[in-house]
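Undergrad: Build me a model:
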Amino acid sequence: MNSEQRFAAKNNLTISVKGTGHDYNGRCSSDGSLNINTRLLNDVFFDVRQNKTFFGAGATFSDIIKPAVLKHGRAVVSGHDLTVGPGGCLLGGCHGALARLHGLGADNVQSIVLVTPTGQLVKASSRGVHQMNTLPNGDLDFKEGKQITSDTSLFWALRGGGGGTLGVVVQFGMQLVPAPTAVQTVTVTWLLYDSQGKQIRDIFDAFVFNASFWQALGPTWAAWSVGSVPRNCSAPQGISSGTASSCAGQAALSFVYVGNDPLAVDKTPGIRAILNYRAPWVSDMTYYTTKTSYRSYYDFMYHNADTSNYQRQFVSNVFLSPQDMNPSATGRLFTALETMQRVAAVPLAGPDSFETLGFVVSLVGGGAVPGHPEAAKTSISRAFRSFAAELVLTAGGKDPDWDLRAYQAVSDAILPLYKLYPGSYQNEVSSAEGYNRVPDWQARFWGDNVARLLVVKRQYDPQGRMVVPYGLGWSGQEQ
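TA: Reported below is the predicted structural model:
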């Protein structure tokens, strides 16, 4: 990759890096940059005796998890979608179903081989930075070269500082964890509004934004709550009037058990409570449950991958701490949904296409995340490290004519939440056309780690060759 970097320097270009391209903010293909695609660096190796795996930066989590589970009975902490690549996910933090049990993905990274912005091929690890070499055929030589420094700042910065700013990652070394053998899911689905337009809040209060419930549930359980409301609504006042069934919206809460007890669903009081939940509004039409058992952890990941066919999504998020998990959070979620619906309800010129406004609550914090042994050795922010849930607002569709409306809907709804919750996940934020200009974005993404991260950035990228929107060293100007 040295030739690419020399070309970029000669032509005064920045460098961007694309693995699988799963980036809401376009950091993997910044305008005006020389784009390096690592997708073909997708080899995967396992050292089961040492509980380690090594994989190229262009591999997907499917490439890693499928053989890890089916051949070796192991897994890695990953995101929720098998098509996502490890590059941006692990460098930004990475949370999924196993995080409450084994920590964030970044906590489980043991080494990173990369080409620095100045053209050095190095390995960063807990033992500092070592020179690396290639074999005559161009493959990476696994044998470390001489130690360049014992300072671990680069490794610290890479685990949480975000992708595309400190070098072109070639390979990750990662801890393997035991694959759960009795994976099960329990999903409940309900309407967001009743026939009188009243918000149905009790499920959120009892089972989503409830810190006591999640503490009692234990780290072998994780969950995602997802929901959507229609952009076009036949009720005259929008979803909050709710007299039309088309305005009711829908939500689901899907729990996943990642342990080894096939009877966990029946043995867990919190899960029994939601399966047996009764309220005046509950009926077979408004509240229903499903239970599923999977043959393996890979089978669960495969069948729960994101199957959305949206070609455009605009998102933003905030972290909620355990102290934030209370009925006020439920009210703020409904307020955000109603704000998005009001902004997006204005008809567009020309034929209308299907779009949606929605949310995701990722209930994958707590457990091993705040107290992981590697926590202090990563640049993960305090807000991320201590989060109980991540609340994501999203607007998506197929029609490009609707993009600006989607941007405005999310932007208007997320801004009040930014003022209440100080942390956000850098990997799940969109900003475009002047919308969602994230205030205090450096502190929001990295907290108290900003100053040290910028020192490492200047040390390894003195000429600022690797700068992406909302990444280390970015000036704050739209690209």
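Undergrad: Just the element for Ser228, please.
TA: Using DSSP states H and E, Ser228 maps to strand 221-230.
Undergrad: C-terminal to that strand, what's the next element?
TA: Moving toward the C-terminus from strand 221-230, the next helix or strand (DSSP H and E) is strand 250-257.
Undergrad: residues making contact with that following strand?
TA: Contact with strand 250-257 is made by 97, 180, 182-192, 203, 207-208, 220-228, 264-265, 268, 271, 274, 300, 304, as judged by C-beta atoms under 8 Å, 6 or more residues apart in numbering. Yep, even glycine has a C-beta here, placed from its N, CA and C like the rest.
Undergrad: mind running it again at 7 Å?
TA: Here strand 250-257 makes contact (C-beta atoms under 7 Å, 6 or more residues apart in numbering) with 97, 183-192, 203, 207-208, 220-228, 264-265, 271, 300.
Undergrad: per-residue pLDDT, Asp306?
TA: With respect to pLDDT, Asp306 scores 63.
Undergrad: re earlier: quick one: the strand holding Ser228 to strand 250-257, angle?
TA: Here strand 221-230 points in a direction 170 degrees away from that of strand 250-257 (axes from the mean of the first three to the mean of the last three C-alpha atoms, to 10 degrees).
Undergrad: and strand 221-230, how far from the chain's centre?
TA: Strand 221-230 has its average C-alpha position 14 Å from the chain's average C-alpha position, going by C-alpha atoms, centre = their mean, to the nearest Å.
Undergrad: Contacts for it next, please.
TA: With C-beta under 7 Å, 6+ apart, strand 221-230 has contacts from 97, 100, 192, 208, 239, 246-247, 249-258, 337, 341, 356-364.
Undergrad: partners of that strand, with directions?
TA: Here strand 221-230 is paired, per DSSP bridges, with strand 250-257 (antiparallel), strand 355-363 (antiparallel).
Undergrad: How far does the last one sit from its chain's centre?
TA: Strand 355-363 sits 13 Å away from the centroid of its parent chain (C-alpha atoms, centre = their mean).
Undergrad: Now tell me what touches the strand or helix carrying Val169 from outside.
TA: Taking DSSP H and E as the definition, Val169 sits inside strand 168-175. With C-beta under 7 Å, 6+ apart as the test, strand 168-175 has contacts from 1, 17, 36, 38, 41, 51-57, 76, 86-87, 90, 108-115, 140.
Undergrad: quick one: average confidence on that strand?
TA: 96.
Undergrad: Identify each buried residue in stretch 330-347, please.
TA: Residues 330, 332-334, 336-345 are the ones in stretch 330-347 that count as buried (16 or more other C-beta atoms under 10 Å).
Undergrad: burial count for the nearest residue to Phe61 once chain neighbours are set aside?
TA: The shortest distance from Phe61 to any non-neighbouring residue, by C-beta to C-beta, 6 or more residues apart in numbering, is to Ser78 (4.3 Å). Residues lying near Ser78 (other C-beta atoms under 10 Å) number 28.
Undergrad: wait, what's in contact with Ser78?
TA: 61, 65, 89, 94, 96, 105.
Undergrad: I figured Ile271 hits Thr187, correct?
TA: No - counting by C-beta atoms under 7 Å, Ile271 stays clear of Thr187, with 11.2 Å between them.
Undergrad: how about Phe334, secondary structure?
TA: Three-state call for Phe334 (DSSP: H, G, I helix; E, B strand; the rest coil): helix.
Undergrad: quick one: it and Leu415, what's the gap?
TA: Look at Phe334 and Leu415: by C-beta to C-beta, to the nearest Å, they are 16 Å apart.
Undergrad: Same check on Val168?
TA: Distance from Val168 to Leu415, by C-beta to C-beta: 35 Å.
Undergrad: what about the two, which has more around it?
TA: Between Val168 and Leu415, counted using other C-beta under 10 Å, the more crowded position is Val168 (25 against 16).
Undergrad: quick one, strands of the stretch 51-200 of the chain?
TA: Assignment of strands within the stretch 51-200 of the chain using DSSP state E, counting those that start in this stretch yields the ranges 52-56, 74-75, 109-115, 121-125, 128-131, 133-134, 140-141, 147-149, 168-175, 177-178, 184-191.
Undergrad: can you give me how far stretch 116-134 is from the chain middle?
TA: What separates the centre of stretch 116-134 from the centre of its chain is 27 Å, taken as C-alpha atoms, centre = their mean.
Undergrad: End to end on that stretch, go ahead and measure it.
TA: 15 Å (C-alpha to C-alpha, to the nearest Å).
Undergrad: Kindly report the same for stretch 416-429.
TA: 15 Å.
Undergrad: Same check on stretch 254-270?
TA: Stretch 254-270 has its terminal residues 13 Å apart, counting by C-alpha to C-alpha.
Undergrad: How about stretch 122-141?
TA: Rule used - C-alpha to C-alpha; the end-to-end distance of stretch 122-141 is 11 Å.
Undergrad: again with stretch 435-446
TA: 21 Å.
Undergrad: Run through who's touching stretch 455-466.
TA: Counting by C-beta under 7 Å, 6+ apart, 8-9, 14-15, 116-117, 153-154, 157, 164-167, 472-473 sit against stretch 455-466.
Undergrad: so Ala383 touches Pro422, yeah?
TA: Yes - if you go by C-beta under 7 Å, Ala383 and Pro422 touch, sitting 5.8 Å apart.
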